[in-house]
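*Asks:* Okay, sequence plus prediction incoming.
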Amino acid sequence: SEALQLLLRSLPENCLFNVVSFGSHFDSLFEKSQPYSEGSFSKALKHAQEMTANYGGTEIYNPLKWAFENSRNDMPTSVFFLTDGQVYNVDQIVELIKSCEEKKKDDLRFFSIGIGDSVSHNLIDSVARAGKGYSQFVTNTERMDKKILGMLKNAIKPPIKDYNITWTDQIIEDSLPIETNTSNKPTISFFSDNTTPPSPIKNIFTDIKIQQAPYLIPPIYPGARFIVYCFLEKGVEACKEITLSAISHDGPMKLSIPLDPVVLQGSKIHTLAARKVIQDLEDGTSFIHKHSKNVGKSIPNSFIREQIVKLGVMYNLASKYTSFLAIDERDNKFVTEAKSLPAQRIVPLPPLNAHPTSVPIYARSARRNQVKIQGLGVNNIVNSVACSALISAPRCASFQFSDESSLEDSDFSYCSGDYQFSDSFAPVLPTTSVKSKPPYIETLYNFLDFQSFNGSFLPSTNFYSWFGKNDFKDFEVIGIENENVLCLALAMAYLEIIMFETFKDECEMCYEKAKKVLKKEVDGDEQKINEILEKVKEWVKKWADE
C-alpha cells in the first residue's frame with residue numbers, strides 16, 4: 001500500500017482519479033473518477049492504508065471494461081496496472097484495450113507493472129504495447145515506488161508521437177501486390193456438405209523493400225528503452241546517418257544518429273529483428289495490416305500464420321505457431337528418475353555492525369505486497385485531466401510475521417559504536433533522533449504525512465517537533481516572518497538535503513508540488529524563492545550536523 005500512497009501524494013492538482021481493486025471480483029473507490037481534492041485524497045489515502053488481501057484470484061477483463069466505460073471521453077486517460085497474477089484470456093484483454101485506444105484516438109496510455117516471479121510476462125508486455133505505454137517488472141524483494149513514480153512522471157507529460165525514421169537516401173518504390181493465382185485453387189465438389197462459399201483471397205501487398213519493426217513506432221518515454229529494427233532488401237543501402245523525426249507538444253523534433261556499419265553484420269541482430277516482426281504480426285500492427293496498400297482489405301488469419309511460420313523456421317524462433325522439439329539420438333538406455341530434494345542452505349546472521357540495505361528489514365507476506373493497481377487520466381501539466389485507476393487485487397497471504405500497523409513506529413538503526421546487552425543477549429540499540437538516522441523509505445513516508453494534497457506543508461506542533469522545535473518562534477534565527485513560507489521552505493530543504501541522495505525519484509514530485517505552492521506565496525518572485533531556500537538550507541545543514 002505504500003507505493004499507492006506515494007502515487008496518490010504525487011498526483012497533480014488538476015487531475016481526476018479513481019482506484020479499482022480486483023481479483024475474482026472487483027470494486028471501485030468512487031462510482032466515477034473524482035477531482036483531486038482534499039476530500040477525495042483523504043478518502044483514497046485511507047483506502048490505501050487499510051488495503052487487505054481478500055480479492056481471491058486474478059480476473060482482469062471485467063474491471064478493465066468497467067474502467068474504460070466510466071472514463072471521461074473529453075480528456076486523456078492513463079491507466080496504471082499492477083498485478084502478480086496470470087490470466088487465460090490475454091488476447092481478449094488486449095483486444096479490449098485496442099478498441100478503447102482506437103475510440104480515444106491516442107488519448108489512452110496504459111502502463112503496467114508485473115510483480116514477483118510468477119506474474120505473466122506476456123500479459124504485462126502485451127497490455128502495455130496495446131495501450132501505447134510501457135511495462136516494467138519488480139521482484140519480491142524490490143521496492144516498486146521508484147518505477148511507479150517514473151511512470152507517473154511520463155504520464156503527466158504530453159507524449160512525443162508521429163515518429164518517422166529515414167533509413168536510406170534511395171527513393172524506394174513499393175512493388176506491386178501479390179497477384180491472386182486462381183489456377184491453383186482446389187476444385188470444389190458439387191456434393192460438398194460445406195454450404196459456405198470460400199472467401200476470395202484479395203491482393204495483399206507484402207513485397208516491401210524496407211521492413212521496419214515495429215512498423216508503427218509508439219510513444220517513447222524517458223527512462224524506458226525502446227529498440228527499432230529494420231530489414232533492408234539487397235541493393236538498398238542504409239544512410240550513413242539515420243534521421244529520427246517526431247512531433248512534440250512544442251513542435252517538430254529531429255535527431256541524426258550516425259550508423260556504425262559493424263553493427264549491421266552477424267545473424268543475432270537479424271534474429272532479434274525477426275522476432276520483433278513476428279510480434280508485430282501477432283499483435284496485428286505489422287506492415288501487412290497497416291500499410292496504405294492494404295487498407296480496407298481483409299487479412300486472413302491463415303495468411304498471417306503462414307508469414308509467422310516462415311520467419312520462425314528461417315530464424316529458429318518460437319511463436320504462437322512455431323515450436324521446437326529436441327531429440328536425443330543417443331542409445332535408448334532406461335534412466336531411473338532420481339528423487340530431487342530441494343537444496344538446503346545456511347544463511348548466516350549479519351554482524352552487529354552491519355548496515356542494512358534498502359530492502360525493508362522486516363518480514364511480511366510477499367503476496368500482500370503484490371496486489372496494488374492504480375490508474376489515472378492525464379492531459380498535460382497545465383490542462384485538466386481525467387483518470388481511471390486500477391489496483392491489482394491482492395491474494396490472501398499464506399503467512400505473515402507482522403502487519404503494517406505494528407511496523408509504523410518501528411525504525412531500525414545500526415551503529416558502529418558499543419552495544420549494551422541484556423540478560424537475553426539481545427543488543428540494545430542506542431536511541432537516536434530522526435535527523436541522525438539513515439534515510440529509510442519509511443522515514444520519507446512519515447515525513448510526507450505532513451504534506452497536504454495540494455503540496456503545502458501547514459504549520460503544526462508535530463511538524464515543528466520533527467526538527468526538535470516547539471513552535472514558530474524557535475525558528476526566528478532564520479529570519480522568515482511568514483509561517484507558511486517557513487514550513488514550505490523547511491520541508492523542501494529537508495527533502496533536498498536529507499532525502500534526495502537516496503530517494504530523489506520517490507519524493508521529487510512531492511517536492512515540485514511544494515515549490516509551486518511556495519511560488520504562489522511569494523507571487524512568483526524567483527529571486528525571493530532562492531533567497532528563502534538558501535537561508536533555510538543553511539539552517540537544515542547545521543541541524544543535521546548537530
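*Replies:* Done, it's in.

*Asks:* shaky segments in the stretch 101-250 of the chain?
*Replies:* Applying pLDDT under 70 to the stretch 101-250 of the chain flags residues 172-202.

*Asks:* again with the chain
*Replies:* In the chain (pLDDT under 70), the answer is 53, 172-202, 261-266, 331-439.

*Asks:* domains of it?
*Replies:* What the record gives for the chain is the domain set 1-174+204-326+361-410, 420-545, from automatic domain parsing.

*Asks:* can you list those in JSON lines and add mean neighbour count?
*Replies:* Every C-beta, even on glycine, is put in place using the N, C-alpha and C of the backbone. Shown next, in JSON lines, are the domains of the chain (neighbours: other C-beta atoms under 10 Å):
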{"stretch": "domain 1-174+204-326+361-410", "mean neighbour count": "17"}
{"stretch": "domain 420-545", "mean neighbour count": "16"}
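
*Asks:* And the strand or helix carrying Leu486, how far out from the chain middle?
*Replies:* Secondary structure assignment for Leu486, by DSSP states H and E: helix 483-494. Distance, stretch centre to chain centre, for helix 483-494: 31 Å (C-alpha atoms, centre = their mean, to the nearest Å).

*Asks:* Pull out the C-alpha coordinates of the very next helix or strand once past it and format them as PDB.
*Replies:* Next helix or strand after helix 483-494 toward the C-terminus (DSSP H and E): helix 500-521. The C-alpha coordinates for helix 500-521 follow below in PDB (Å, rounded to 0.1, in the frame of the first residue of the first chain):
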ATOM      1  CA  PHE A 500      17.300  13.400  -2.400                       C
ATOM      2  CA  GLU A 501      20.600  11.500  -2.200                       C
ATOM      3  CA  THR A 502      18.800   8.200  -1.700                       C
ATOM      4  CA  PHE A 503      15.100   8.800  -2.600                       C
ATOM      5  CA  LYS A 504      15.100  11.600  -5.100                       C
ATOM      6  CA  ASP A 505      13.000   9.700  -7.600                       C
ATOM      7  CA  GLU A 506      10.400   8.900  -4.900                       C
ATOM      8  CA  CYS A 507       9.900  12.400  -3.500                       C
ATOM      9  CA  GLU A 508      10.800  14.700  -6.400                       C
ATOM     10  CA  MET A 509       7.200  15.200  -7.500                       C
ATOM     11  CA  CYS A 510       6.100  16.000  -3.900                       C
ATOM     12  CA  TYR A 511       9.000  18.500  -3.800                       C
ATOM     13  CA  GLU A 512       7.800  20.100  -7.000                       C
ATOM     14  CA  LYS A 513       4.300  20.400  -5.700                       C
ATOM     15  CA  ALA A 514       5.600  22.200  -2.600                       C
ATOM     16  CA  LYS A 515       7.700  24.500  -4.800                       C
ATOM     17  CA  LYS A 516       4.600  25.500  -6.800                       C
ATOM     18  CA  VAL A 517       2.800  26.500  -3.500                       C
ATOM     19  CA  LEU A 518       5.800  28.400  -2.300                       C
ATOM     20  CA  LYS A 519       5.900  30.300  -5.700                       C
ATOM     21  CA  LYS A 520       2.300  31.300  -5.100                       C
ATOM     22  CA  GLU A 521       3.100  32.500  -1.600                       C
END
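
*Asks:* and the angle for the helix or strand just after helix 500-521 with helix 500-521?
*Replies:* Next helix or strand after helix 500-521 toward the C-terminus (DSSP H and E): helix 526-545. Using axes from the mean of the first three to the mean of the last three C-alpha atoms, to 10 degrees, the inter-axis angle of helix 526-545 relative to helix 500-521 is 140 degrees.

*Asks:* Show me the helices in the stretch 1-150 of the chain, by range?
*Replies:* Shown for the stretch 1-150 of the chain, the helices assigned by DSSP state H, counting those that start in this stretch span residues 2-10, 38-49, 61-69, 90-104, 121-130, 145-155.

*Asks:* Can you dump the C-alpha atoms of the second one in CSV for me?
*Replies:* Listed in CSV are the C-alpha atoms of helix 38-49, where the atom choice follows Å, rounded to 0.1, in the frame of the first residue of the first chain:
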residue,chain,number,x,y,z
GLU,A,38,-8.6,17.3,0.0
GLY,A,39,-11.7,15.1,0.5
SER,A,40,-11.0,12.7,-2.3
PHE,A,41,-7.3,12.5,-1.5
SER,A,42,-8.0,11.7,2.2
LYS,A,43,-10.5,9.0,1.3
ALA,A,44,-8.2,7.4,-1.2
LEU,A,45,-5.2,7.6,1.3
LYS,A,46,-7.3,5.9,4.0
HIS,A,47,-8.3,3.2,1.4
ALA,A,48,-4.7,2.6,0.6
GLN,A,49,-3.7,2.3,4.2
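
*Asks:* Against which helices or strands is it packed?
*Replies:* Helix 38-49 sits against helix 2-10, with contacts defined as 3 or more C-beta pairs under 8 Å, 6 or more residues apart in numbering; DSSP states H and E.

*Asks:* Provide the contact partners of the helix it packs on at residue level.
*Replies:* Contacts of helix 2-10 with the rest of the structure, by C-beta atoms under 8 Å, 6 or more residues apart in numbering, involve 17, 19, 41, 44-45, 48-49, 51, 80, 143-145, 148-149, 152, 372, 374, 391, 441, 445, 448, 451, 453, 506, 509-510, 513.

*Asks:* from the chain's centre, how far out does it sit?
*Replies:* Helix 2-10 has its C-alpha centroid displaced from the chain centroid by 14 Å (C-alpha atoms, centre = their mean).

*Asks:* Next: stretch 156-167.
*Replies:* 19 Å.

*Asks:* ok, the residue nearest to His270 when sequence neighbours are not counted to Phe231 distance?
*Replies:* Spatial nearest neighbour of His270, chain neighbours left out: Tyr315 (6.8 Å); criterion: C-beta to C-beta, 6 or more residues apart in numbering. Distance from Tyr315 to Phe231, counting by C-beta to C-beta, to the nearest Å: 11 Å.

*Asks:* what is in contact with those two at once?
*Replies:* His270.

*Asks:* who touches Phe226 in this structure?
*Replies:* Contacts of Phe226 (C-beta under 8 Å, 6+ apart): 134, 217-218, 220.

*Asks:* Can you report phi and psi for Gly479?
*Replies:* phi 90, psi 30 (degrees, to the nearest 10).

*Asks:* Help me confirm that it comes into contact with Lys535.
*Replies:* Yes: at 6.3 Å, Gly479 and Lys535 qualify as touching, with contact defined as C-beta atoms under 8 Å.

*Asks:* Identify the contacts common to the two.
*Replies:* Counting by C-beta under 8 Å, 6+ apart, nothing touches both Gly479 and Lys535.

*Asks:* and Val228, what is it in contact with?
*Replies:* 165, 212-214, 217.

*Asks:* about what we covered before: which one of the contacts of Phe226 sits closest to Asn89?
*Replies:* Tyr134 (22.2 Å; C-beta to C-beta).

*Asks:* Now do the phi/psi pair for the closest residue to the closest one other than its chain neighbours.
*Replies:* If the residues on either side of it in the chain are set aside, Tyr134 comes closest to Ala224, at 4.4 Å by C-beta to C-beta, 6+ apart. Torsion angles at Ala224 (phi, psi; degrees, to the nearest 10) stand at phi -110, psi 120.

*Asks:* Can you give me the distance of Ala224 to Lys209?
*Replies:* From Ala224 to Lys209 the distance is 30 Å (C-beta to C-beta).

*Asks:* can you list the contacts of Phe226 in JSON lines and add distance to Ile60?
*Replies:* Output for those, formatted as JSON lines (distance: C-beta to C-beta, whole Å):
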{"residue": "Tyr134", "distance to Ile60": "18"}
{"residue": "Ile217", "distance to Ile60": "27"}
{"residue": "Pro218", "distance to Ile60": "21"}
{"residue": "Ile220", "distance to Ile60": "26"}
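
*Asks:* Which two of the residues you listed have the greatest separation?
*Replies:* Tyr134 and Ile217 (12.8 Å).

*Asks:* So Ile227 belongs to a helix, correct?
*Replies:* No: secondary structure of Ile227 (DSSP: H, G, I helix; E, B strand; the rest coil): coil, not part of a helix.

*Asks:* I am finished for the moment; much appreciated.
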